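Colleague: Pasting a predicted model and its sequence here:
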Amino acid sequence: MHLVERRGQYTIIRGIESNENQFWFVSIFRHAQSRMHELWFYRELIHQLVMSDLKMRYKNSMLGVAWSLLNPLLMMIVFTAVFTILQNEAIADYPVFIMVGLVPWQFFTSSVAAATVCIVGNAHLINKVYFPREVLVISVVLSNLVNFLIALLLLIPLLWIFEMPIGISILLLPFVILVQTIFTLGIAFITATANVFYRDVRMLVEVALMAGFFLTPIFYPLDILPRSYELFGINLDVWRMMFYLNPLASIIENYHMIIHRAGMPAPDFLLRTFFTSVFFLVIGLVLFYRYHDRFSEEV
């Protein structure tokens, strides 16, 4: 009996070795499961870091958390005044249109900008205390998520002022917020990791975010982009390029569809946006886990 068990074990081990490449995902799954358990163990630390960031952000500020509402409101007023003049055709309920795109964009940019420097900026913690390094990135994104949710409250009086209907599609809003959070985490993990080894990444991120503001349909509808545009003799479908090459454009379009137009996004559009966001999160986590053991040496 013992000999048979050993032989069976040998056969199994041999089978696993010969099919190692086929079962690599098992190792990845187990590692991810282990990290999730560890993150859950450190959930109180994440909570403390989020609260600390929120307190520091509004420390000695007369208006405090009200800035989460005033910041997008003031920007909405400026952009409405500027782009209403510049645009040939006015967009119905343009202040609401601007706000619906601007608030999620600020959530993304604030999260990515802060996450990019969060590892380097917490070098004193990394070199003294052990904790899962991804806690730093997650806490930054969650802190900005809180501000984002507060800013969304502005949409309630705006919708009432402009007498805009709220459709049944509003029930999909939490899903879109989840999708954006997943995508934001993915980009945040990528930039945070890269900035540890190449400090120029922070400057590149700033430039990319500035360019992204104009390349994302925040203050203009996606539909106005040309289907055919010639550049250097090459015919480009600008609408399709924006639609498929800019994941955030799809996310912002979902917000516009649900809140501004009270419409229902196409299921395949929602699913494509979701899987794209998950893809970036997986890439970000793989990159982060690949190099996180070297963070203490580099910071």
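Modeller: On my side now, so go ahead. Residues are numbered from 1 along each chain as shown.
Colleague: Return the per-residue confidence for residue 256.
Modeller: If you check residue 256, the pLDDT there is 92.
Colleague: Quick check: it vs residue 198, distance?
Modeller: 35 Å (CB to CB, to the nearest Å). In short, each C-beta sits where N, CA and C put it, glycine included.
Colleague: How many residues are close by residue 70?
Modeller: Around residue 70 sit 12 other residues, with neighbours defined as other CB atoms under 10 Å.
Colleague: do the same with residue 75
Modeller: 16.
Colleague: Quick check: chain neighbours aside, which residue is closest to it?
Modeller: Leaving aside its sequence neighbours, residue 75 sits nearest to residue 102 (CB to CB, 6 or more residues apart in numbering; 5.9 Å).
Colleague: can you count the residues close to that neighbour?
Modeller: Neighbour tally, residue 102, other CB under 10 Å: 22.
Colleague: Test my guess that it contacts residue 218.
Modeller: Yes: counting by CB atoms under 8 Å, residue 218 is a contact partner of residue 102 at 5.9 Å.
Colleague: quick one: the helices in the stretch 1-150 of the chain?
Modeller: Assigned by DSSP state H, counting those that start in this stretch, the helices in the stretch 1-150 of the chain fall at 2-18, 24-41, 43-57, 67-86, 94-116, 118-121, 123-126, 134-152.
Colleague: can you redo these as JSON lines with mean pLDDT and distance to residue 298?
Modeller: Output for the helices of the stretch 1-150 of the chain, formatted as JSON lines (pLDDT from 0 to 100; distance: least, CB to CB, whole Å):
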{"stretch": "helix 2-18", "mean pLDDT": "42", "distance to residue 298": "35"}
{"stretch": "helix 24-41", "mean pLDDT": "70", "distance to residue 298": "21"}
{"stretch": "helix 43-57", "mean pLDDT": "80", "distance to residue 298": "21"}
{"stretch": "helix 67-86", "mean pLDDT": "70", "distance to residue 298": "34"}
{"stretch": "helix 94-116", "mean pLDDT": "92", "distance to residue 298": "14"}
{"stretch": "helix 118-121", "mean pLDDT": "90", "distance to residue 298": "8"}
{"stretch": "helix 123-126", "mean pLDDT": "83", "distance to residue 298": "9"}
{"stretch": "helix 134-152", "mean pLDDT": "92", "distance to residue 298": "14"}
